[in-house]
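Colleague: pasted the sequence and its predicted model underneath.
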Amino acid sequence: MPPIGVGSGPESIDFFQPGGIYRDVRLRVLPQVFLSDLFARPADVLSSQRRVDVECTVDSAAPTAATGTLLVQLLDGPAQIAAQVATVRVTSPGISTTKLSLTGLGPISLWSPDSPKLYTVQATLSFPGVGSHVLTRRIGFREASFSPEGFYLNGTRLQLFGLDRHQLYPYTGMAMPARVQRKDVEILKNEFNCNMVRCSHYPQSPHFLDACDELGLLVWEEAPGWHDVSTTPAWQDLVVQNVRDMVWRDRSRPSVIIWGTRLNETPDLPALWAATRQAAAELDGSRPSSGAMAVHGAARWNEDVFAYNDYGLDARTGNVTLRPPFAGLPYLITEAVGVEEARPQHFAWTDPPELLAKQAALHAQAQSMARSDSRYSGLLAWAGFDYASMLSAHPDAIKWAGVADGFRVPKPGAAIYQSQVDPSTRPVIIPVFFWELGGAIPAPSPTAMIASNCEQLEVFIDGAHVVTARPALRSPLYGGLAHPPFLVRLPPRTTNDTPELLIRGLVGGQRVTEIRMSADPARDVLGMTVDDATISADGSDATRAVFRALDAYGNQRRYLTGEVALSLSGPAALVGDNPFAFGAYGGLGAVWIRSVAGQPGAITLTASHPQLGQVEVQVRSEQANRVNLLLS
């Protein structure tokens, strides 16, 4: 178990930390001399003399001295770019290290969030009469650095824009397969337009980090811990070992740009934090270290980047405030917004619509302020997804701080993130309100927020034009965003109890997208989507099915009655509640469809609601690839 909740029990911790085995387990059959680790680090990547420094750890159980060869290759797909051969001699059982460099690489593509180009370093260890062993690592050529002027990637300043993430899921805790872990990266990177994620507060699934490497999501990775510290040597030794294990496992990854070597929001233990920082630097000197601070003071700071969890709020206006960066120190905001400002501390689907809209406004304000001052390297807001916590003040034991809920369904709070994308890539219009009987909910007082990346919005109610709107580019609260929201005055009520809303988005004077919303509940339906058309029949693969109350045009409807009954046919198991308390949750829910080992075939999930009707989705489970154990 990680060093969390020292003597205080699980009720003292802000997140569940399940024990036991919850990730993949593999049985490896290895020769007597094998590669126990491979560390590959691109160096001098912006120069013509770029290279890859490689460190191979050889573990030998051979009873006598032996001599073998180590072949290290840099590959771009099947094509070899460079190779180096070294002689390896083992004289007795134990561990030894061989270091070499791959040079003369020629043209190389750099890794970045916009172009996450990956290469493979492959090491092959061969000993006559003993066998051979192959180990690979994927790498990216990139240079990442923090300075008092901000964060720089490949020599260019990049404003970090992101969210924090717990890998907790409903029903399964942390035990979700690769496909589901990857989906979180797809949401954060492709839907929420983040370029960075903070892994809170422990090293997360390798499948999640694999997807970060592949899709181009920068990562803050930190050792397991939260608030608690102890002066006992055994506890501190465990913290140092946890840091070593984290760095050892993930130091070849291009996505990881900073190590959290000081545990989250912990007080000063100068000797311990110096030891964890040194442990990381000994294993990987290419990345800075940090730790998320709850105290805004740098007098005893001994890390590379000052990171602060900033929940500042103006008591008079209710707007976000941020502490200023420290002169001469690289500065990153590692948490903001959360639920500290909400009364009650809650952003759930059943909360008042004005509170859900407030979440979007606060995230927009925090990100805008961080972008408005180049001394901030960026801001990672709390949080991406809701998560389980016994520290919650609510009987449901859930922290509702996410801009998406635990099922990964975006709340209105996610709208600002969803709209921060170039309109040529994807034009976006997301009203940060609900359109129900009588009109906008809540009634604009004085304005309603619409998140959009368009240059102009034209708003119609029941076919009549009511307003032309432009983004709040000059707003002191939102003007720092790449795409500020629109603050629009709408009629608080209409003569028609079931009006229709039409919003058209224009770029360069041309209509690029539009959204329609219906206030007529008689036309509401039950909708359901599934993330994947196929899954693997390996017994652990799964895909998410989301069911919602929708208006006539497919918009989320707040629906506070009834249950959804689910029926599953085919070789699969349902992971979730059945029936689902649709009304208690707020008009939506989700389950996961998990395959049955060795049983491929067609799967159908049917959902039904007494008032909204019935809907179904199909998934196909396909035969899993067989895994062969090769004895060398």
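Modeller: Good, I have the coordinates.

Colleague: low pLDDT regions in the stretch 251-400 of the chain?
Modeller: Applying pLDDT under 70 to the stretch 251-400 of the chain picks out residues 341-344, 392-395.

Colleague: residue ranges for the strands of it, please.
Modeller: In the stretch 251-400 of the chain, the strands defined using DSSP state E, counting those that start in this stretch lie at 256-260, 289-290, 292-293, 306-309, 331-335, 376-381, 387-388, 398-399.

Colleague: same question for the stretch 401-550 of the chain.
Modeller: Listed in chain order, the strands found in the stretch 401-550 of the chain under DSSP E, counting those that start in this stretch are 429-431, 434-436, 439-441, 448-452, 456-461, 464-469, 486-488, 500-507, 510-518, 525-530, 534-536, 542-550.

Colleague: confidence score at Leu560?
Modeller: Looking at Leu560, its pLDDT stands at 83.

Colleague: wait, is it part of a helix?
Modeller: No: counting by DSSP: H, G, I helix; E, B strand; the rest coil, Leu560 is not part of a helix but coil.

Colleague: show me what contacts it?
Modeller: Thr350, Gly583, Gly586, Gly587 (Cβ atoms under 8 Å, 6 or more residues apart in numbering). Yep, even glycine has a C-beta here, placed from its N, CA and C like the rest.

Colleague: swap in Ala448?
Modeller: The contact partners of Ala448, by Cβ under 8 Å, 6+ apart, come to Pro431, Val432, Phe433, Ala440, Leu487, Val488, Arg489, Leu490.

Colleague: give me the PyMOL select line for those, limited to the buried ones.
Modeller: Typed into PyMOL, the line below selects the buried ones among the contacts of Ala448, using 16 or more other Cβ atoms under 10 Å:
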select buried, resi 431+432+433+440+487+488+490
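
Colleague: where does the prediction get shaky in this protein?
Modeller: 1-10, 341-344, 392-395, 443-445, 493-494, 626-632.

Colleague: can you tell me which of the contacts of Leu560 has the most neighbours?
Modeller: Compared across the contacts of Leu560, Gly587 has the highest neighbour count, 25 neighbours, by other Cβ atoms under 10 Å.

Colleague: just list the residues touching the residue nearest to that one when sequence neighbours are not counted, thanks.
Modeller: Of all residues not flanking Gly587 in the chain, Tyr559 sits nearest, at 3.5 Å (Cβ to Cβ, 6 or more residues apart in numbering). Listed by Cβ under 8 Å, 6+ apart, the contact partners of Tyr559 are Asp524, Ala549, Phe582, Gly583, Gly586, Gly587, Leu612.

Colleague: number of residues surrounding the first one?
Modeller: This points to Asp524. Asp524: 19 neighbours (other Cβ under 10 Å).

Colleague: same deal with the third one?
Modeller: Using other Cβ under 10 Å, Phe582 is surrounded by 26 other residues.

Colleague: now do the contacts for Asp310.
Modeller: Residues in contact with Asp310 (Cβ under 8 Å, 6+ apart) are His296, Leu322, Arg323, Ile333, Glu335, Ala336, Ala366.

Colleague: sorry, that was for Gln556
Modeller: Contact analysis of Gln556 by Cβ under 8 Å, 6+ apart lists Phe434, Arg548, Ala549, Leu550, Gly587, Leu588.

Colleague: now flag whichever of those is closest to Trp235.
Modeller: Leu588 (42.6 Å; Cβ to Cβ).

Colleague: quick one: the closest one from Val617, how far?
Modeller: 15 Å (Cβ to Cβ, to the nearest Å).

Colleague: compare those two (neighbour count), which wins?
Modeller: Just comparing Leu588 and Val617: by other Cβ under 10 Å the higher neighbour count belongs to Leu588, 22 against 19.

Colleague: what's the neighbour count on the spatially closest residue to that one that is not a sequence neighbour?
Modeller: Take Leu588 and drop its neighbours on the chain: the residue closest to it by Cβ to Cβ, 6+ apart is Arg548, 4.2 Å away. Number of residues near Arg548 (other Cβ under 10 Å) recorded here: 25.

Colleague: any idea what Arg548 is bridged to?
Modeller: Gly527, Leu588 (DSSP bridges).

Colleague: so it sits against Val525, correct?
Modeller: No: Arg548 is beyond contact range of Val525, at 9.4 Å (criterion: Cβ atoms under 8 Å).

Colleague: for the residue nearest to Leu588, give its distance to Gly291.
Modeller: From Arg548 to Gly291 the distance is 40 Å (Cβ to Cβ).

Colleague: coming back round to it: nearest to Ser200, of the contacts of Ala448?
Modeller: Val432 (25.6 Å).

Colleague: need the contacts of Gln556 in a markdown table with distance to Thr261, can you?
Modeller: Converted to a markdown table, the contacts of Gln556 look like this (distance: Cβ to Cβ, whole Å):
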| residue | distance to Thr261 |
| --- | --- |
| Phe434 | 44 |
| Arg548 | 42 |
| Ala549 | 46 |
| Leu550 | 46 |
| Gly587 | 43 |
| Leu588 | 39 |
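
Colleague: want to try TSV for the strands of the stretch 401-550 of the chain, with distance to Pro78 as columns?
Modeller: Listed next are those as TSV, based on distance: least, Cβ to Cβ, whole Å:
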stretch	distance to Pro78
strand 429-431	43
strand 434-436	53
strand 439-441	57
strand 448-452	44
strand 456-461	50
strand 464-469	53
strand 486-488	50
strand 500-507	42
strand 510-518	41
strand 525-530	34
strand 534-536	25
strand 542-550	31
